[in-house]
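Participant: Generate a structure from the sequence data that follows.
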Amino acid sequence: MTTPARLTVLAGPTAVGKGTLAAYVREHHPEVWLSVSATTRRPRPGEVDGVHYHFVSEERFEEMARNGDLLEWAVVHGRAKYGTPRRPVEEVLASGRPALLEIDLQGARQVRETMPEAFFVFLAPPSWDELVRRLVGRGTEDEEERAARLATARVELAAAAEFDVTVVNDDVRRAAEELVSWMGTPVPTTNRD
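Facilitator: Numbers count the residues shown, from 1 in each chain. Model (predicted):
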């Protein structure tokens with residue numbers, strides 16, 4: 001019989017590089033299963049449905065939430081809804097394969113309520129100025145959305161103490177390897193009290 005694996009939850013502020021880190025893990029650590037979130041937002045250039053996100057209508061998303069098909073979900077930056085389909089996560093964990101959720105702070109808090117045994121990793125930027133540079137540099141949001149995301153990011157940065165560990169994303173390869181190394185270790189008790 002296979003021993004169930006532990007779920008790792010990666011969260012952090014907007015533009016910190018959660019998606020970039022997850023892409024590195026996907027490419028270099030195929031043993032780690034990455035959850036694909038559902039979202040009501042429109043795809044960004046280069047994003048593929050079913051790979052980066054499951055792009056769904058508002059109606060479909062609401063149906064999934066109503067039916068309990070989402071492990072967590074939230075309205076992010078006051079705009080789009082994001083959520084984690086529950087069944088694929090449960091199936092992968094039961095198979096013994098390590099699983100990674102790359103989600104926002106609201107979602108991480110919901111997962112802590114439903115799966116407190118999960119391991120929670122906060123991804124932090126090297127500095128506030130670098131976070132702003134990354135957000136502006138990716139050019140995927142208009143000025144109004146950037147302002148909303150930065151306001152949210154200030155609040156999210158203050159939540160780092162809620163997580164088991166903090167990984168600083170100063171270098172994608174280094175940060176991703178640190179994340180993967182944490183996935184195979186016992187949950188520390190330092191920030192859980």
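
Participant: now stretch 99-106, how far from the chain's geometric center?
Facilitator: 3 Å (CA atoms, centre = their mean, to the nearest Å).

Participant: If you could redo that for stretch 19-31, that was the one I meant.
Facilitator: The mean C-alpha position of stretch 19-31 is separated from the chain mean by 13 Å, CA atoms, centre = their mean.

Participant: With stretch 106-121 instead?
Facilitator: 11 Å.

Participant: For it, measure first residue to last.
Facilitator: 14 Å (CA to CA, to the nearest Å).

Participant: Name the residues that touch that stretch?
Facilitator: For stretch 106-121, the external contacting residues (CB atoms under 8 Å, 6 or more residues apart in numbering) are 6-11, 71-74, 76, 82-84, 101, 103, 162-167, 179, 182-183, 187. (Glycine included, C-beta is placed from N, CA and C.)

Participant: And these, which of them are buried?
Facilitator: 6-11, 71-74, 76, 82-84, 101, 103, 163-165, 167, 179, 182-183, 187 (16 or more other CB atoms under 10 Å).

Participant: returning to what we had before: among the contacts of stretch 106-121, name the ones in helices.
Facilitator: Under the assignment DSSP state H, those contribute 179, 182-183 to helices.

Participant: out of those residues, who's nearest Val89?
Facilitator: Closest approach between the ones in helices among the contacts of stretch 106-121 and Val89, by CB to CB: Met183, at 14.6 Å.
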